[in-house]
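In: how would this look folded up:
(2 chains)
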Amino acid sequence: SQTIHQWPATLVQPVGSPLSLECTVEGTSNPNLYWYRQAAGRGLQLLFYSVGIGQISSEVPQNLSASRPQDRQFILSSKKLLLSDSGFYLCAWSEQVEKLFFGSGTQLSVL
Amino acid sequence: SQQGEEDPQALSIQEGENATMNCSYKTSINNLQWYRQNSGRGLVHLILIRSNEREKHSGRLRVTLDTSKKSSSLLITASRAADTASYFCATATRMDSSYKLIFGSGTRLLVRP
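Out: From the prediction side, this is the model:
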């Protein structure tokens, strides 16, 4: 069966520090991969999605970047975090346009 | 930008009552999906309705879709305290050679025991 792993669960980082969040999927091949961000009590904002290795589409220009170095690995990065980067980050995968399977999320606090 | 907008933003009902949540969207869609999120957790898929479908059932869930009005509703019948969560609609729209899911702002449901 397919599983998705996202870590860490919580992260506290100072402003100006780098960021690397990793997400891996098991049990499937060539999944669509997504990074979403959720502000407290709000909906999900699509940040990046990928339909294949090295193929990244950005939805919102911002301080973040994403990479897909392997088929089932999706990484969210920043060179210098801003206060506004705080939020709940969710990784998800899907096969085509069917339902998304979400990771457990990373609560990022930038102080 | 947000595609779907849920209504109401918050809903409080008594256990055993029905809960109805609505979602409106702006552009043409391939399908519409509903998800549930418990506080501080990832989202869990509940049900998917395709653009050529009008109604779908799954257990205590009933979803309707009106593409002419660009709206959908989620009905949870005979609610339970365990149904307390946030519920989001998500629309699948075409993007290049693939699709992406855009989520609404969610409805926070509280079911009182």
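
In: Check the spacing between B:Gly59 and chain A real quick.
Out: 16 Å (CB to the nearest CB, to the nearest Å). The way it works is simple: take the backbone N, C-alpha and C, and place the C-beta from them, glycine included.

In: cool, and B:Tyr35?
Out: Distance from B:Tyr35 to chain A, by CB to the nearest CB: 8 Å.

In: what element comes up after the helix or strand harbouring A:Val12 heading to the C-terminus?
Out: Using DSSP states H and E, A:Val12 sits within strand A:10-13. Following strand A:10-13 in sequence order, the next helix or strand is strand A:19-26 (DSSP H and E).

In: quick one, what contacts B:Ala67?
Out: Actually, residue B:67 is Thr. It isn't Ala. B:Ser28, B:Ile29, B:Ser51 (CB atoms under 8 Å, 6 or more residues apart in numbering or on different chains).

In: For the spatially most central residue of chain A, grab phi and psi.
Out: Taking CA atoms, centre = their mean as the criterion, A:Trp35 is the residue nearest the geometric centre of chain A, at 3.3 Å. Per-residue torsions, A:Trp35: phi -120, psi 130 (degrees, to the nearest 10).

In: Which pLDDT value goes with it?
Out: On pLDDT, A:Trp35 comes in at 95.

In: May I have the residues that are in contact with it?
Out: Contacts of A:Trp35 by CB under 8 Å, 6+ apart are A:Leu21, A:Cys23, A:Leu46, A:Leu47, A:Phe48, A:Tyr49, A:Ala66, A:Phe74, A:Leu76, A:Tyr89, A:Leu90, A:Cys91.

In: count of residues packed around residue 88?
Out: Using chain A. Around A:Phe88 sit 20 other residues, with neighbours defined as other CB atoms under 10 Å in any protein chain shown.

In: think we crossed wires, I meant chain B
Out: Around B:Phe88 there are 26 residues (other CB under 10 Å).

In: hmm, the helix or strand hosting it in reach of chain A?
Out: Secondary structure from DSSP H and E places B:Phe88 in strand B:85-95. Yes - applying CB under 8 Å from any CB of the partner chain, one finds strand B:85-95 in contact with chain A at B:Phe88, B:Ala90, B:Ala92, B:Met95.

In: Show me what from chain A comes close to chain B.
Out: Close to chain B, as judged by CB under 8 Å from any CB, chain A has residues A:6, A:32, A:34, A:36, A:41-46, A:49, A:51, A:57, A:59, A:88, A:90, A:92, A:94, A:96-105, A:107.

In: got the CA positions of stretch B:27-43 in PDB?
Out: Output of stretch B:27-43 as PDB, limited to C-alpha atoms (Å, rounded to 0.1, in the frame of the first residue of the first chain):
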ATOM      1  CA  THR B  27     -14.000  28.300 -13.200                       C
ATOM      2  CA  SER B  28     -14.900  25.100 -15.100                       C
ATOM      3  CA  ILE B  29     -13.800  21.900 -13.300                       C
ATOM      4  CA  ASN B  30     -13.000  18.300 -13.900                       C
ATOM      5  CA  ASN B  31     -14.200  17.200 -10.500                       C
ATOM      6  CA  LEU B  32     -15.000  18.500  -7.100                       C
ATOM      7  CA  GLN B  33     -13.800  16.800  -3.900                       C
ATOM      8  CA  TRP B  34     -14.500  17.200  -0.200                       C
ATOM      9  CA  TYR B  35     -11.900  16.700   2.500                       C
ATOM     10  CA  ARG B  36     -11.900  16.600   6.300                       C
ATOM     11  CA  GLN B  37      -9.200  17.900   8.600                       C
ATOM     12  CA  ASN B  38      -8.900  17.300  12.300                       C
ATOM     13  CA  SER B  39      -7.000  20.000  14.100                       C
ATOM     14  CA  GLY B  40      -3.300  20.000  13.400                       C
ATOM     15  CA  ARG B  41      -3.500  17.100  11.100                       C
ATOM     16  CA  GLY B  42      -3.300  16.400   7.400                       C
ATOM     17  CA  LEU B  43      -6.500  16.300   5.300                       C
END
